[in-house]
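Asks: Model the structure of this input:
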Amino acid sequence: MLPARLLWQGAGLACVGLGAIGAALPILPTVPFLLLAAFCFARGRPEWAERLYAHPHWGPGMREWRDRRAIPRKAKVSAIAAMGAGVLFTQFTLGWPWVLVSLAVLVICGGWIWTRAE
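Replies: Modelled structure (predicted):
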(Lines give C-alpha, C1' and ligand atoms only; values in the text may rest on other atoms or scores of the structure.)
Protein backbone atom coordinates (compact mmCIF):
# COMPACT_ATOMS: atom_id res chain seq x y z
CA MET A 1 0.00 0.00 0.00
CA LEU A 2 1.20 3.51 -0.79
CA PRO A 3 2.18 5.76 2.09
CA ALA A 4 -0.35 8.48 2.87
CA ARG A 5 2.21 11.14 1.95
CA LEU A 6 2.31 9.90 -1.66
CA LEU A 7 -1.48 9.86 -1.85
CA TRP A 8 -1.64 13.48 -0.63
CA GLN A 9 1.00 14.46 -3.20
CA GLY A 10 -0.92 12.74 -5.99
CA ALA A 11 -4.16 14.43 -4.99
CA GLY A 12 -2.35 17.77 -4.85
CA LEU A 13 -0.89 17.29 -8.33
CA ALA A 14 -4.33 16.36 -9.69
CA CYS A 15 -5.77 19.54 -8.20
CA VAL A 16 -2.96 21.62 -9.69
CA GLY A 17 -3.78 20.05 -13.06
CA LEU A 18 -7.45 20.97 -12.70
CA GLY A 19 -6.45 24.47 -11.65
CA ALA A 20 -4.26 24.79 -14.75
CA ILE A 21 -7.18 23.73 -16.94
CA GLY A 22 -9.34 26.26 -15.08
CA ALA A 23 -6.87 29.01 -15.92
CA ALA A 24 -7.66 28.42 -19.60
CA LEU A 25 -11.39 27.67 -19.38
CA PRO A 26 -13.70 30.42 -18.12
CA ILE A 27 -16.23 28.04 -16.56
CA LEU A 28 -13.81 25.99 -14.42
CA PRO A 29 -12.42 27.84 -11.37
CA THR A 30 -8.69 28.04 -10.73
CA VAL A 31 -8.08 29.27 -7.19
CA PRO A 32 -10.39 26.76 -5.43
CA PHE A 33 -8.46 23.89 -7.03
CA LEU A 34 -5.16 25.51 -6.08
CA LEU A 35 -6.41 25.94 -2.50
CA LEU A 36 -7.32 22.26 -2.45
CA ALA A 37 -3.89 21.44 -3.87
CA ALA A 38 -2.23 23.49 -1.10
CA PHE A 39 -4.33 21.62 1.47
CA CYS A 40 -3.16 18.28 0.04
CA PHE A 41 0.45 19.39 -0.31
CA ALA A 42 0.48 20.61 3.30
CA ARG A 43 0.01 16.97 4.27
CA GLY A 44 2.25 15.40 1.63
CA ARG A 45 4.92 17.94 0.71
CA PRO A 46 4.64 21.23 2.67
CA GLU A 47 7.27 23.02 0.59
CA TRP A 48 5.05 22.63 -2.49
CA ALA A 49 2.15 24.25 -0.62
CA GLU A 50 4.39 27.19 0.21
CA ARG A 51 5.37 27.50 -3.45
CA LEU A 52 1.69 27.79 -4.36
CA TYR A 53 1.15 30.49 -1.74
CA ALA A 54 4.25 32.32 -3.04
CA HIS A 55 3.10 32.27 -6.68
CA PRO A 56 3.12 35.85 -8.04
CA HIS A 57 -0.28 35.63 -9.76
CA TRP A 58 -2.37 33.10 -7.79
CA GLY A 59 -0.64 33.41 -4.41
CA PRO A 60 -2.19 36.69 -3.19
CA GLY A 61 -5.75 35.43 -3.54
CA MET A 62 -4.84 32.14 -1.94
CA ARG A 63 -3.16 33.87 1.00
CA GLU A 64 -6.20 36.15 1.46
CA TRP A 65 -8.42 33.09 1.73
CA ARG A 66 -6.01 31.23 4.02
CA ASP A 67 -5.47 34.17 6.36
CA ARG A 68 -8.82 35.99 6.38
CA ARG A 69 -11.32 33.81 4.45
CA ALA A 70 -11.64 36.79 2.09
CA ILE A 71 -12.35 36.95 -1.65
CA PRO A 72 -11.43 40.15 -3.53
CA ARG A 73 -14.35 41.97 -5.16
CA LYS A 74 -12.87 41.51 -8.65
CA ALA A 75 -12.75 37.74 -8.10
CA LYS A 76 -16.33 37.75 -6.79
CA VAL A 77 -17.61 39.63 -9.83
CA SER A 78 -15.64 37.39 -12.19
CA ALA A 79 -16.92 34.20 -10.58
CA ILE A 80 -20.54 35.32 -10.58
CA ALA A 81 -20.27 36.57 -14.17
CA ALA A 82 -18.83 33.20 -15.25
CA MET A 83 -21.68 31.39 -13.51
CA GLY A 84 -24.15 33.74 -15.19
CA ALA A 85 -22.58 32.92 -18.56
CA GLY A 86 -22.98 29.25 -17.65
CA VAL A 87 -26.70 29.80 -17.03
CA LEU A 88 -27.09 31.45 -20.44
CA PHE A 89 -25.06 28.70 -22.11
CA THR A 90 -27.24 26.04 -20.47
CA GLN A 91 -30.40 27.85 -21.54
CA PHE A 92 -29.32 28.00 -25.17
CA THR A 93 -27.91 24.46 -25.35
CA LEU A 94 -30.02 22.30 -23.04
CA GLY A 95 -33.01 24.55 -22.34
CA TRP A 96 -35.74 23.94 -19.85
CA PRO A 97 -35.65 22.35 -17.19
CA TRP A 98 -31.84 21.90 -17.19
CA VAL A 99 -31.26 25.61 -16.93
CA LEU A 100 -32.73 25.38 -13.42
CA VAL A 101 -29.67 23.38 -12.32
CA SER A 102 -27.31 26.13 -13.52
CA LEU A 103 -29.53 28.77 -12.00
CA ALA A 104 -29.52 26.96 -8.66
CA VAL A 105 -25.71 26.80 -8.73
CA LEU A 106 -25.58 30.53 -9.51
CA VAL A 107 -27.95 31.44 -6.68
CA ILE A 108 -26.44 29.15 -4.04
CA CYS A 109 -22.73 29.37 -4.87
CA GLY A 110 -22.89 32.96 -6.10
CA GLY A 111 -24.71 34.02 -2.96
CA TRP A 112 -22.14 32.30 -0.79
CA ILE A 113 -19.25 33.89 -2.71
CA TRP A 114 -20.81 37.36 -2.54
CA THR A 115 -21.24 37.18 1.24
CA ARG A 116 -17.54 36.43 1.94
CA ALA A 117 -15.33 39.19 3.29
CA GLU A 118 -13.32 41.35 0.87
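
Asks: And whichever strand or helix holds Trp65, what does it pack against?
Replies: When elements are defined using DSSP states H and E, Trp65 is found to belong to helix 59-68. Here helix 59-68 touches helix 31-44, helix 46-53, going by 3 or more C-beta pairs under 8 Å, 6 or more residues apart in numbering; DSSP states H and E. All C-beta atoms are positioned from the backbone trio N, CA, C, and that covers glycine.

Asks: quick one: buried residues of that helix?
Replies: Of the residues in helix 59-68, 59, 61-65 count as buried by neighbour count, 16 or more other C-beta atoms under 10 Å.

Asks: How about residues contacting stretch 107-117?
Replies: With contact meaning C-beta atoms under 8 Å, 6 or more residues apart in numbering, stretch 107-117 is reached by 68-71, 76, 79-80, 83.

Asks: Just those: which are in helices?
Replies: The helices, defined by DSSP state H, take in 68, 76, 79-80, 83 from these.

Asks: Which member of these is positioned nearest Ala20?
Replies: Closest to Ala20 out of the ones in helices among the contacts of stretch 107-117 is Ala79 (17.8 Å), distances taken as C-beta to C-beta.

Asks: Quick check: the closest one vs Pro72, distance?
Replies: 10 Å (C-beta to C-beta, to the nearest Å).

Asks: Comparing those two, which residue is more hemmed in?
Replies: Using other C-beta atoms under 10 Å as the criterion, Ala79 and Pro72 rank with Ala79 on top: 19 against 15.

Asks: Quick one: residues contacting the more buried one.
Replies: Counted by C-beta under 8 Å, 6+ apart, Ala79 has contacts 29, 71, 110, 113.
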